[in-house]
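> need a 3D model of the following:
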Amino acid sequence: MKQLYLSFFIVSGLFSQPYHAPLTWSWTGRVHPELEWYTISTENFNIHYHSGIEKIARKGATISENVLPILLQQMELDSIPTIDIVFTSADQVQNGFATPFYSTYIWVDQNDAVLWGEGKKWLEDVIPHELQHIILFHRIRSWLPSPLDILISDLPFWVIEGIAEYKTEKWRPYRADLQHKIHVLKNQMEEMDPHHDGFSKMLYWSDRFGDSTIVEVLKWRSSLKLFNFPKAFKEVTGISVNQFEEDWRRHMNTYFYGVRSQKEPIEQVGKVVSLPIKKMFSFMFNPDSFKIALIGKDDNDQLDMSLFIASRDSLAENKKKEDLKADSIKPQEQPIIIWEKEEIDFGRFHRSFSWSPDGKKIAYAKYHFGVNQSSVWDIRIYDLESKKGRWLTNTGRATYPIWSSDGRSIIYVSHQNRIANLYKVDLDNSQSKPITKFVESTQIITPNLSFDGKKIAFAMSKNNSNLDLWLLNITSGEIKRLTKHSLADYQPVWTSNGESISFTSHRSGTPNIHTIKLNDLVINQNTDVGEAIWTHQLVPNDSTIFSTTLADIDTVRVVKVSSKRKIRTAPLSIMNSYSSWLQVRPTFKLEDVKINDNFELRNPQKYTFTKHLKHVTTIILPGTQTSIFTQWIDGLGRHLFTGVGFTDFYSKEGSGYLLSYQNAQHGPLWGVSYYYNTNPIYRRYDKSRFGLLEMKNGLDIRLFHPFNKGETLSSNNLFFASLSFMNRKPVVSDSISFLTGQWFPREKSSYNLLPLPESGRDAVISLKYRWIDRRPHRWNNFIPPKSKGLILKVEKATSYLFGAFDYTRITVDGFINSPIGSTAFFGRIKGVMVSGSTPAHDYVGLSNDGPIYLSTIAGDFSPSTFEFLPENHNPRGWNGTRIGNRLFFGSLEYRLPIIPKTISLALISDFGNAWKDQIGNNKAILTYGIETRFSFGPLVLALGNAKPFQSTDSINKEIYFRMALINPF
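Numbering: from 1, shown residues only. So this is what the prediction gives:
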């Protein structure tokens, strides 16, 4: 039994690892074999990059070499092993991450990060941050192998993230002032992401105990020379971590409520209105204000976004008015507005979009898979009259669409390899032409076209400048700088007379609205709220500005603010004892670094993974069953070597090993593995006490190729192929030694209706196609509201290559989930056909053995659980066994939630049949019943009552308790 548990742990970990590993290719599931990789080296770094971004890689090398000495000083270290840095622009992902094995991976093609960084360039922010993570991991290393040293250290995530932020960044609205305001006002401080509360906790720590105590804590070791954060923190600071976090919570609440009490309430700066959606991400009224495009959610459990068009329902409004007139003597003071919403698209959307001048079309940016399966932003147009959409750009890395005043073209921002430019695309021929031609590092966000169509106001960070407002004359090409401030100015909105521009600025420390006159560049501050307020859109047929607010109460409030309004607040006054944490800086500051080229940068070399192999971890777990796990990876993170071994001193059968190699650089993802007692297959079998356990020992070669057509992220295809040479050793047992884990074979006389298992060798070629269209939703593991899928699989075993079995197995499996209000319909049908002779226990048929189902959503590279937990086809409410070489099996269910995501009720009907070659006299089985389901994470249990339709005896209804199938894959 121990062998079974360990083997399942190894196999499930190995299969899931490629999808969830912290590697750039596994983030999107695309390995991008079209890329050529190169390496440039310095004294302390190996910089790996692909074709097209050498200039960025050299810039990254310069930043890394210049900041490393300061980062090491911050942690009182003199040196660190060579660090691998991987740069890629294959996908538009705003992220970077570091590992304990001295590697960091960074996506370099960022545009909108300029706002998050307060005008600072992405590489200058992300590289020091990720390097500080690696230095922290190095600082807390002990004699234990990584990652065990980190796991037993009880190091909170807020410390890991907070130290990197405190040591390398400055406090600012998007890191993490705004998130603190939201969580303080919602009284949800304990729910804050470590990236946010970690920053303020480290600032508060340094302010209260001193910067030097941070390293003092990290240097602490126990008598066993091991690091433990809670003990170290208590010994150095004199208080527990729990007490510190409580003190921090009170301190933050005092400060942020103190700020809020001296600022303008949202209700005072303008008229507050709400929009017709539950959770809003962005909105835009059409020119006549009778329609709204809304991006957001009308279902709090959906995990993607919807794009809605809300239209005024004049008939319903008139009827409501007439009803109110008849029922009330007093006239209604508030106008009656009723909206009808229609979802026109779903997925992941950019915040900025635009209506056509005639209000019949909308242009928006959507995230999808483009050329070479790169994950990118592109512009899409939706026509409200034809109810059809089309892509306007193709892998253009395009956002911020603006419709021209004549409706014949669209202006947008395209960002390629750290350089953003404005483009104009003709709607008749889809040809794009650049409006600007910047060639150095430039970021452009939030462009807005003047009413006459001659000028574009936008926010830009050029070279090393701040994020400020600029004005472009389209005819002459002249670009004029409008603002110059160390903090961000963005989101320009033209006032109704076209003589001024209202915009959002952080110059007061919080996003607030300002207005600049174009004739003299005089700026007037319109709001001084304590939370935050952003310019968004000129109110149609009005002079006020639609402005969005902080999501502290809800996300659907917008405020109409006058561009002529003036603030009435006094300068902020907070006692230093409550505000000094914001002024704390580390002893060794990154600002003191002067970037220079005084280091050796070797010439680029074509990447060779064998030159950059590195050790990830080796873990040995001693005992009566000693286990060892080792893993090696290359610097690029695309060649992974794994070895697992265990030995049982009581039994030879209790020993095993696994050797695996995965290649994510050349061609589709492929891997080769050799198993010995580490590739288990388990199923219930012939009503035996412990079921059937089969070990497949041998060589397995696998190839994966995920593919998405580019319309929606939730509709995905996977092509899979494998070739295996296995020695199959099945055993059915009614008795197990729990001391050794040995399974004792069942007596032959104990078998009932199913055949004796058959050992032997086989060579199997497998081809599979899987399509799943499943929108992300919190209910997908219990009552999926909407999804469908199909699997086509062909397996060919041939003794010509290896072994003794010759057969062909064809499997077709499909399912659908369809929402009906808060309930859902589920349907599934599966067919299997076999020719030739399979191992006897791989029978095709129906049986009395209950199935084992796990409710999990597999990744692109994860196999179905049916690969190591083969499905038993057992119609609920039916008893018997039918074996043949043909099978169909399926279910129909109507699912009703009782307690959300916990308990549900299902009306069920199963159907199926099995036969040999041609259908015999056996009629198809059809059952019906009802069951109650209980969810325990991936395990869903069902208590039910069912019987065959043909049965008229109510006494023969079967009451059962078994695992429930939510989705077959």
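
> buried stuff in the helix or strand containing His705?
Using DSSP states H and E, His705 sits within strand 692-707. Under the neighbour-count criterion of 16 or more other CB atoms under 10 Å, strand 692-707 has 692-698, 700, 702-707 buried. All C-beta spots, glycine's among them, are computed from the backbone N, C-alpha and C.

> for these, which one is nearest Arg876?
Among the buried residues of strand 692-707, Leu692 lies closest to Arg876 (CB to CB), at 21.5 Å.

> which is the next helix or strand following the longest strand along the chain?
Longest strand in the chain, counting residues (DSSP state E): strand 715-736. Using DSSP H and E, the helix or strand that directly follows strand 715-736 along the chain is strand 743-745.

> now for that following strand, which elements pack on it?
strand 715-736 (3 or more CB pairs under 8 Å, 6 or more residues apart in numbering; DSSP states H and E).

> so which residues of the stretch 551-700 of the chain form strands?
Counting by DSSP state E, counting those that start in this stretch, the stretch 551-700 of the chain has these strands, from start to end: 557-562, 605-606, 613-621, 625-634, 639-648, 656-663, 669-676, 680-683, 692-707.

> the last one versus strand 669-676: what angle between them?
Between the axis of strand 692-707 and that of strand 669-676 there is an angle of 170 degrees, by axes from the mean of the first three to the mean of the last three CA atoms, to 10 degrees.

> can you give me the offset of strand 692-707 from its chain's centre?
27 Å (CA atoms, centre = their mean, to the nearest Å).

> any idea of the angle it forms with strand 656-663?
Using the same axes, to 10 degrees: strand 692-707 against strand 656-663 is 10 degrees.

> list the neighbouring strands of strand 692-707 plus their orientation.
strand 669-676 (antiparallel), strand 680-683 (antiparallel), strand 715-736 (antiparallel) (DSSP bridges).

> any idea of the mean pLDDT in that strand?
For strand 692-707, mean pLDDT rounds to 96.

> do the same with the shortest one
Strand 605-606 shows a mean pLDDT of 96 in the predicted model.

> is it true that Gln525 touches Pro511?
No - using CB atoms under 8 Å, Gln525 is not in contact with Pro511, being 12.0 Å away.

> more neighbours: these two, which one.
Taking other CB atoms under 10 Å, Gln525 and Pro511 do not tie; Pro511 has more neighbours (27 against 16).

> ramachandran angles for the nearest residue to the more buried one once chain neighbours are set aside?
Spatial nearest neighbour of Pro511, chain neighbours left out: Ala532 (4.2 Å); criterion: CB to CB, 6 or more residues apart in numbering. Dihedral pair for Ala532: phi 180, psi 150, per degrees, to the nearest 10.

> so who does Ala532 touch?
Pro173, Leu178, Lys181, Thr510, Pro511, Asn512, Thr549, Leu550 (CB atoms under 8 Å, 6 or more residues apart in numbering).

> tell me which of those residues fall in strands.
Asn512, Thr549.

> now for the contacts of Ala532: which two are most distant?
Pro173 and Thr549 (13.9 Å).

> pLDDT below threshold where in this protein?
Scanning the chain for pLDDT under 70 picks out the ranges 1-22, 321, 323-324, 326-334, 650-652, 858-863, 919-921, 951-957.

> any idea how far Ala924 is from Lys947?
Going from Ala924 to Lys947 by CB to CB, to the nearest Å gives 15 Å.

> so which of the two has more stuff around it?
Using other CB under 10 Å, the more surrounded residue of Ala924 and Lys947 is Lys947, with 19 against 11.

> what does the helix or strand harbouring the more buried one contact?
Of the helices and strands defined by DSSP H and E, Lys947 is found in strand 939-948. Here strand 939-948 makes contact (CB under 8 Å, 6+ apart) with 781-782, 853-855, 876-878, 906, 908, 910, 925-934, 954, 956-964, 966.

> A strand includes Arg895, no?
Yes - secondary structure assignment (DSSP: H, G, I helix; E, B strand; the rest coil) places Arg895 inside a strand.

> from what I see, it and Gly821 are in contact.
No - contact criterion CB under 8 Å: Arg895 and Gly821 do not qualify, at 11.6 Å.

> who has more neighbours out of those two?
Using other CB under 10 Å, the more surrounded residue of Arg895 and Gly821 is Arg895, with 22 against 7.

> for that one, give me its contacts.
So Arg895 contacts Ile783, Thr823, Ala824, Phe825, Phe826, Ser904, Leu905, Ala906 (CB under 8 Å, 6+ apart).

> great, nothing more from me.
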